[in-house]
Structure formats: structure tokens, C-alpha cells
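Peer 1: below: sequence and its predicted model.
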Amino acid sequence: MDDIVEKDRTKLTVKNYEAVAIVKTALKRKKVRSVKLKVTNSMAKSCIYAYASYQGYLKEKKEHEEAKRREQLDKSVNLLKAKRAKQLANLMRRTQKNINQKRKSIDSATGGSERGRWKRIKLI
């Protein structure tokens, strides 16, 4: 089969394989080489149909590959968004931690809020 149908040029389905086999056996029975064969109208229609189906297959294959690429791109974008969100969450957590530490140091430097409460109670 490799002499007629190249593997990289067609999708070899059962239908295509049968069509090629019919052509090969018909040529062998008539003892005619493909160069001397006269093309009939039905043969021309079959060739046009085969070409159209092959073009359809190529289009379908291209669309499938594009869909795969699009899906992978969406997956990558979502992964990057999640990574960035995690980084921002860590940054916010660290910022809040620093702010809380600064507040504690300011409260302890001014004497703290508990110290003032006890002072008021003693004065009363």
C-alpha cells in the first residue's frame, strides 16, 4: 500500500483502503499500467470527492490542533493567575504582619493600653 498511499499524506480509513484496493485490482485485471489508463467521468468524480474529503480531513485536523493549543493556553493562563494571586496573598499577609508588629511596638513604647486602664481604676 505504501506505493500508492503515503502515510503522511492521507488518513487511511477503511473506506479509503477499500477504494485503493479496488483501483489496484482493476488495474491488475485489465493488465493496464496507470500511465496508459483512460480516465472516465466516474473516476474523475471519485478523484474530486477523494480530494474534497482529504481537504475536509486536513481542516478538521487543523481545528483540533488549534483547540488543543487554545486549551493549553487557557490552562497556562489560569496557572499563572493562581500563582500571582498566591504571591499577592503572601505579600498582603507579610504587610499585615509588619503593620501589627509596628503597632505593638508603638503601644509598648507609650506604656501600653493596659497600664492606662489600671491607672484610671486606682484614681477612682
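Peer 2: Ah, there it is.
Peer 1: walking through this structure, point out its helices one by one.
Peer 2: Listed in chain order, the helices found in the chain under DSSP state H are 14-30, 41-109, 113-123.
Peer 1: tell me what the longest one is packed against?
Peer 2: Secondary-structure packing of helix 41-109 (3 or more CB pairs under 8 Å, 6 or more residues apart in numbering; DSSP states H and E): helix 14-30. Quick note: C-beta positions are derived from backbone N, CA and C, even for glycine.
Peer 1: could I get the helices of the chain as a markdown table with mean pLDDT and mean neighbour count?
Peer 2: As requested, the helices of the chain are exported to a markdown table (pLDDT from 0 to 100; neighbours: other CB atoms under 10 Å):
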| stretch | mean pLDDT | mean neighbour count |
| --- | --- | --- |
| helix 14-30 | 75 | 12 |
| helix 41-109 | 87 | 10 |
| helix 113-123 | 56 | 9 |
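Peer 1: distance of residue 66 from residue 52?
Peer 2: When CB to CB, to the nearest Å is applied, the distance between residue 66 and residue 52 equals 21 Å.
Peer 1: again with residue 65
Peer 2: When distance is defined by CB to CB, residue 65 is 21 Å away from residue 52.
Peer 1: how about residue 29?
Peer 2: Distance of residue 29 to residue 52, given as CB to CB: 28 Å.
Peer 1: same question for residue 82.
Peer 2: Summarising the geometry, the distance separating residue 82 from residue 52, computed by CB to CB, is 45 Å.
Peer 1: what do you get for residue 44?
Peer 2: Per CB to CB, residue 44 is found 13 Å from residue 52.
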